[in-house]
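Undergrad: dropping a prediction and its sequence here:
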Amino acid sequence: MRLTAITLLLCSMLAALACASKNDTQNARQTALHPSPPASGADDAARAGAVPKSVTCALLSNEDVKAVQDEEPADAQGSEHLAGMLSMSQCFYRLPTFSKSINLEVTRAAPGAQATAVADFWRGSFGHAAVEEREQKRERKEEEGREREKELEREKASGQVREGGHAEEEEHGEGDEGPRPQRVAGIGDEAYWSGNPVSAALYVLKKDTIIRLSIGGPEDQSVKIKKAKTLAQKVLKHF
């Protein structure tokens, strides 16, 4: 009796193992034929080599860019980020001649921000008080520069040499305030050309949106303003 019971138990175990093996084989076949969709992380990793895009990159076509720069973009790289109460979407149109590339930025109120966020930012950048403050700061820097030059001339005349080399050659260029913003008529609710000789851009306010366009190339300021204005008009058609 005991031997019979053991035999029956062993047979049951073998049958269960055979059934499990069969099920595993079927499951493996189903997985191969109908794979599960990849997890979001894996999908993101698969796209890691792709150039990130932002909605702003769709605001200017290749034809729009070529019409002002005589070259179509070789690439367009976009990004989006929040800055306090503002949402900023940027696109860099890289041209074959890199120095002619174009940068476009669209600024709007961030989700949940006050309705006046864009207007407040504009007033803080181009309002009369803000412009006067920047102008006074620029004038102070220029005056300090002139004083340093006079001091260096006096030191040279007396035979003194300042350690550290040319102390007068301090930070100039992209960090400079630049001249007073120039009003640009005929586009948006308000528009200004602002910056320094190294880096300047057209800023356009249209209702609750600010457009910023910088144009590369060897042309003088008047030509760049005209080009930026042409492109800004193309962008504003989307709003």
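TA: On my side now, so go ahead.

Undergrad: all strands for this structure, in order.
TA: 75-83, 86-94, 102-109, 182-183, 190-195, 200-206, 209-215 (DSSP state E).

Undergrad: and the shortest one, average pLDDT?
TA: Taken as a whole, strand 182-183 carries a mean pLDDT of 91.

Undergrad: pairing partners for it, with directions?
TA: Counting by DSSP bridges, the strands paired with strand 182-183 are strand 190-195 (antiparallel).

Undergrad: contacting residues around Ile215?
TA: 68-69, 102, 224, 227-228, 231 (C-beta atoms under 8 Å, 6 or more residues apart in numbering). Where you see a C-beta, it was placed from the backbone N, CA and C, and this is true even at glycine.

Undergrad: at 6 Å what do you get?
TA: Residues near Ile215 by C-beta atoms under 6 Å, 6 or more residues apart in numbering: 102, 224, 227-228.

Undergrad: most neighbours among those, which one is it?
TA: Highest neighbour count within these: Ala228, with 27 neighbours (other C-beta atoms under 10 Å).

Undergrad: isn't that one right up against Ile211?
TA: No. Counting by C-beta atoms under 6 Å, Ala228 does not reach Ile211; the two are 9.4 Å apart.

Undergrad: in helices only, show me the contacts of Ile215.
TA: Using DSSP state H, 224, 227-228 are the members of the contacts of Ile215 that sit in helices.

Undergrad: in TSV: those residues, plus distance to Lys150 and pLDDT.
TA: Below are the ones in helices among the contacts of Ile215 laid out as TSV (distance: C-beta to C-beta, whole Å; pLDDT from 0 to 100):
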residue	distance to Lys150	pLDDT
Lys224	35	94
Lys227	41	96
Ala228	39	96
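
Undergrad: tabulate these (TSV), appending distance to Thr116.
TA: Conversion of the ones in helices among the contacts of Ile215 to TSV gives the following (distance: C-beta to C-beta, whole Å):
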residue	distance to Thr116
Lys224	31
Lys227	32
Ala228	26
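
Undergrad: just give me the closest of those residues to Leu202.
TA: The closest of these to Leu202 turns out to be Ala228 (C-beta to C-beta; 3.8 Å).

Undergrad: just to revisit the earlier point, for the contacts of Ile215, name the two members farthest from one another.
TA: Comparing every pair within the contacts of Ile215 by C-beta to C-beta identifies Ile102 and Lys224 as the most remote, at 10.5 Å.

Undergrad: could you pull out the helices in this structure for me?
TA: Using DSSP H, helices in the chain cover 2-33, 40-46, 62-69, 117-126, 128-157, 221-236.

Undergrad: how about low-confidence regions in this protein?
TA: For the chain, the stretches flagged by pLDDT under 70 are 1-53, 128-140, 142, 160-178.

Undergrad: just to revisit the earlier point, okay if I get the strands of the chain as CSV plus distance to His238?
TA: Below are the strands of the chain laid out as CSV (distance: least, C-beta to C-beta, whole Å):
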stretch, distance to His238
strand 75-83, 15
strand 86-94, 12
strand 102-109, 9
strand 182-183, 24
strand 190-195, 17
strand 200-206, 11
strand 209-215, 10
